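J.: Curious how this folds, go ahead:
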Amino acid sequence: MGIDIIHLGGETRSFDPAIKIEDLGSPAFQMFRLPNQPMVIWMMTNPLNKTPFPWWPYEVTIDDDLRDLNQTWRVTNPQNLFDILFLTHLQKQMMGNMFVIFPGNLKTVGWTSLREVDQDTYKRGQGCVYHLNSAYDGKMSVNWVPFWAPQSIVRNPPFGSLWRLFANSVGDEETRCLTFLGLSNPQFLPEIVNLLIEKDDERSEKLSVLVDWFGVYSSPFSPRNASSFIVYTRNQDVLKKLGKFQEEFLALSRQIQTELLIDPHPRSVLRILTRLVAL
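T.: This is a model prediction of the structure:
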């Protein structure tokens, strides 16, 4: 009879020794200029069927580090880690006059598990009907869609609330999405809100004139999809910021991949999050 020895809370873990950095997913960036329009599309996509970061093959509920990752950081898998790092870096790079549309289903699904500060952040926003929904499965799909409950447009939410509101959103069957608006002139906000309430076949074209940029981040639930971020803008300064964001985030992603390949443990992720993310 064989005997299995299980070390609870110890350092002995089994990992795949064959995984290399080239086996991990790295985001790709593209830019498109629309014919007959001054609007530019800037896009980030992760590769399909590739994990963005190495991970450990065990789930032990009594592991304090795993519990902290789940309860404090809402990070339970490599996609969650990519989401939180991407969103915090995006806010740092594009911060100032940034509005976020949080989905209306938060008020009925997962609302009681939010902190009071997160609920207050949501409630101080203005209501609207439409938000962007996107999915990337090798082809990009982006649509303005209404929710059955009003959305909330919030100006410059603190990142802790932004992350927890995003993580609590149930999304749809395939993706969880967050819509962003960059607006240097808040006087346009009433007109923007009206565009996000009324039906309009030219919503994107009209919105691009009023805002510096708008876009949507998409995180997949389905293995058929990968995470993506798509931005629409007419502003050259925004494109320069996005270029800097691209360069810095690629370097950050590769650095974290290297760190986790060397030491693929939950406490390594906790160190990374504590260093880079302010909740």
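J.: Against which helices or strands is the helix or strand encompassing residue 30 packed?
T.: Assessed by DSSP states H and E, residue 30 sits inside strand 28-33. Contact analysis of strand 28-33 by 3 or more CB pairs under 8 Å, 6 or more residues apart in numbering; DSSP states H and E lists strand 40-45 as its packing neighbours. In short, each C-beta sits where N, CA and C put it, glycine included.
J.: CA atoms of the strand it packs on as CSV?
T.: Written as CSV, here are the backbone C-alpha positions of strand 40-45 (Å, rounded to 0.1, in the frame of the first residue of the first chain):
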residue,chain,number,x,y,z
VAL,A,40,-8.6,56.2,-34.6
ILE,A,41,-9.1,52.7,-33.0
TRP,A,42,-6.3,51.5,-30.6
MET,A,43,-6.6,47.9,-29.5
MET,A,44,-4.9,45.5,-27.0
THR,A,45,-5.6,41.8,-27.2
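J.: Tell me what angle it forms with strand 28-33.
T.: Calculated by axes from the mean of the first three to the mean of the last three CA atoms, to 10 degrees, strand 40-45 forms an angle of 160 degrees with strand 28-33.
J.: partner strands of strand 40-45, parallel or antiparallel?
T.: strand 28-33 (antiparallel), strand 228-233 (antiparallel) (DSSP bridges).
J.: These: lowest mean pLDDT?
T.: The weakest mean pLDDT among those belongs to strand 28-33, with a mean of 94.
J.: Provide the secondary structure category for residue 148.
T.: Recorded secondary structure, residue 148: strand (DSSP: H, G, I helix; E, B strand; the rest coil).
J.: Can you give me the pLDDT of it?
T.: 73.
J.: How about it, nearest residue that isn't a chain neighbour?
T.: Spatial nearest neighbour of residue 148, chain neighbours left out: residue 104 (7.2 Å); criterion: CB to CB, 6 or more residues apart in numbering.
J.: wait, isn't the one you found in contact with residue 149?
T.: Yes: here residue 104 reaches residue 149: they are 3.2 Å apart, a contact under CB atoms under 8 Å.
J.: out of the two, which sits in the more crowded spot?
T.: residue 104 (21 against 15; other CB atoms under 10 Å).
J.: In contact with that one, which residues?
T.: 147-152 (CB atoms under 8 Å, 6 or more residues apart in numbering).
J.: Residue 30 too?
T.: So residue 30 contacts 42-43, 45 (CB under 8 Å, 6+ apart).
J.: how about the strands in this protein?
T.: Under the criterion DSSP state E, the chain carries strands at the ranges 28-33, 40-45, 98-102, 126-136, 140-155, 175-182, 213-220, 228-233.
J.: To residue 169, which of those strands lies closest?
T.: strand 175-182 (5.3 Å; CB to CB).
J.: So which elements touch the closest one?
T.: Using 3+ CB pairs under 8 Å, 6+ apart: strand 175-182 touches helix 78-94, strand 98-102, strand 126-136, helix 159-168, strand 213-220.
J.: circling back: can you redo the strands of the chain as a markdown table, where the extra columns are distance to residue 262?
T.: Formatted as a markdown table, these follow (distance: least, CB to CB, whole Å):
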| stretch | distance to residue 262 |
| --- | --- |
| strand 28-33 | 25 |
| strand 40-45 | 26 |
| strand 98-102 | 35 |
| strand 126-136 | 30 |
| strand 140-155 | 34 |
| strand 175-182 | 30 |
| strand 213-220 | 26 |
| strand 228-233 | 28 |
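J.: Lowest average pLDDT across those strands?
T.: Among the strands of the chain, strand 140-155 scores lowest, at a mean of 91.
J.: Figure out how far that one is from the centre of its chain.
T.: The chain centre lies 15 Å from the centre of strand 140-155; the measure is CA atoms, centre = their mean, to the nearest Å.
J.: So which bits of that strand are buried?
T.: Neighbour-count burial for strand 140-155 flags 142, 144, 146-147, 150-154 (criterion: 16 or more other CB atoms under 10 Å).
J.: ok, residue 277 touching residue 162?
T.: No: Residue 277 is beyond contact range of residue 162, at 11.0 Å (criterion: CB under 8 Å).
J.: do you know how far residue 127 is from residue 197?
T.: Using CB to CB, to the nearest Å, residue 127 is found at 8 Å from residue 197.
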